[in-house]
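Chemist: One predicted model, sequence on top.
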Amino acid sequence: MRHDLVVIGGGPAGYAAALYGASAGLDVGLVEENLIGGTCLHVGCIPAKELLETASVLRAVKGASEFGVDAGGAEPTVDLAVSQERKRGVIDNLFKGLGSLLSGRGVTVYDGTGRLGPDHTVTVEHGEGSDQVGTSTLQAGHVVLATGSSPRSIAGFEVDGDLVVTSDELLSITEVPARVVVVGGGVIGCEFASMLSDLGSEVTVLEALPEILVGCDADVAKAVRRSFRRRGISVHTGVSVSGHEPSGGSTVVRFGDDQVEVDLVVMAVGRSPRGDAAGLVGTRVEVDERGFISVNDRLLTGEPGVYAVGDVVATPQLAHVAFAEGMFVVRDLLGESPLPLDAATVPWCIYTHPEVAFAGLTEVAAREAGYDVVVSSHRFVGNGRAMIVGETDGLVKVVAEAGLDGRAGRILGVHMVGPWVTEQLGQGYLAVNWEATVDDVAAHIQPHPTLSELFGETVLSLTGRSLHG
């Protein structure tokens, strides 16, 4: 079968390339060995945020009396079996919708494992349960490798789905564990720690690095850690774990010179790229020692006409970055010369409580890059809408380049921690990526009362004049 474009992998990067390519008039074949939608839809972004929302609703009900709302007097409880059923419904609806989109745009979907060989030949081995049988051989003018990633673990913590789990298994639990260790204090680990704490677990986070949420601005990470401490989440940084000793239905996890007994160990130590998953025998595609496929700034591999996108390349492992990369390669192969993606300015959203969102350089990174900077931050404790919703924890911080006169100019980074900041980042992301100045942004009217006006206040203060700051 001949196509203009064959995509191997049906996660966000792969299906974005397929849909965008088809909308541009290309004949597209999409190969997926499991389920269209990939990790993000089935065992990642969507189910994780569904369970985080369950935790949020439980937290809101527990605090209802502060608003004069009588929730019945009894301590609210959560039935995770019901939540899992709701999660399943959300995933099913999105999965069906995605299938309809692909079908409607004429994308040919091949169920099976795709292997790339010489001359842009892709061999698809159809698995059991597929309507397609045997092997299909595809050829295309261009090929996109989007084989994704899988959860990592570490020595001494073999995943058994019972005492030791990764995100894959955790997102299907139907009972709230009493005591949990989360190994890893990055984005995934902190989201899980926050969720489990809200659901009622006693949570301990173990992180080898000196701070949690490395990559976030230091002030933001400190705000999350303070919130965790107030909520009873125990955080240990700068510690290494050295295995666990099961006994009955629990296990003892050793870290440094200490140990803790828990009912569940959640491994949140990152994801491993599946660089070799598409065969690549007889091609010039290179896979580095970490498992990433090597690409240039146009996401082209060493094999002419073959791109790699998503978690399988060494760019931020974020679904929205995967979407952007999938669309980028289509524009590139069509000769539209899109600007290369800048990993330093992509938006990040972390769904802890409080939420975290940022785009651009942190204060430390900006200084290390040689910029003279001017920084301003404002806290939600003085924001009217934050008081109304009862969520005043957090801040907005803006990092701007200082001009020769010392005044703040171009906005280099926007960093937020607090209520619903994942929904507020849009204007900060635009400011960073459009290289807007503080004067440009300060002229915009911010609606009142809103949480987002705190961003406007913070930028306004960098002009040398302000209202409430």
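Modeler: Perfect, thanks for sending it.
Chemist: So in this structure, where's the weakest helix or strand by average pLDDT?
Modeler: None of the helices or strands of the chain scores lower by mean pLDDT, DSSP states H and E than strand 241-247, at a mean of 92.
Chemist: Run me through the strand neighbours of it, direction for each.
Modeler: strand 250-255 (antiparallel) (DSSP bridges).
Chemist: Dump the strand it pairs with to PDB, restricted to CA.
Modeler: Provided in PDB are the C-alpha atoms of strand 250-255 (Å, rounded to 0.1, in the frame of the first residue of the first chain):
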ATOM      1  CA  SER A 250       2.700  -3.900  53.400                       C
ATOM      2  CA  THR A 251       6.400  -3.100  52.700                       C
ATOM      3  CA  VAL A 252       9.200  -1.200  54.200                       C
ATOM      4  CA  VAL A 253      11.000   1.300  52.000                       C
ATOM      5  CA  ARG A 254      14.500   2.300  52.800                       C
ATOM      6  CA  PHE A 255      15.900   5.700  52.000                       C
END
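Chemist: Centre of the chain to stretch 353-370, how far?
Modeler: Computed by Cα atoms, centre = their mean, to the nearest Å, the chain-centroid distance of stretch 353-370 equals 16 Å.
Chemist: now swap in stretch 349-367 and tell me
Modeler: Centre to centre, stretch against its chain (Cα atoms, centre = their mean), the figure for stretch 349-367 is 13 Å.
Chemist: Next, the buried residues of it.
Modeler: For stretch 349-367, a neighbour-count test (16 or more other Cβ atoms under 10 Å) marks 349-363, 365-366 as buried. Just so you know, the C-beta spots here come from the backbone N, C-alpha and C atoms, and that holds for glycine as well.
Chemist: The spatially most central residue of the chain: what's it in contact with?
Modeler: Taking Cα atoms, centre = their mean as the criterion, L318 is the residue nearest the geometric centre of the chain, at 4.3 Å. For L318, the contact set (Cβ atoms under 8 Å, 6 or more residues apart in numbering) comprises 346, 348.
Chemist: Report pLDDT for it.
Modeler: pLDDT for L318: 97.
Chemist: got it, and V133?
Modeler: pLDDT, read off for V133, is 79.
Chemist: Looks to me like it is in a helix.
Modeler: No. Looking at V133 with DSSP: H, G, I helix; E, B strand; the rest coil, it is coil, so not inside a helix.
Chemist: phi, psi of it?
Modeler: Backbone torsions for V133, taken as degrees, to the nearest 10, come to phi -120, psi 160.
Chemist: Distance check, it against Y110.
Modeler: 12 Å (Cβ to Cβ, to the nearest Å).
Chemist: now swap in E261 and tell me
Modeler: Remark: distance between E261 and Y110 (Cβ to Cβ) = 48 Å.
Chemist: Next: V253.
Modeler: Counting by Cβ to Cβ - V253 and Y110 are separated by 43 Å.
Chemist: give me the low-pLDDT residue ranges for the stretch 101-250 of the chain?
Modeler: 129 (pLDDT under 70).
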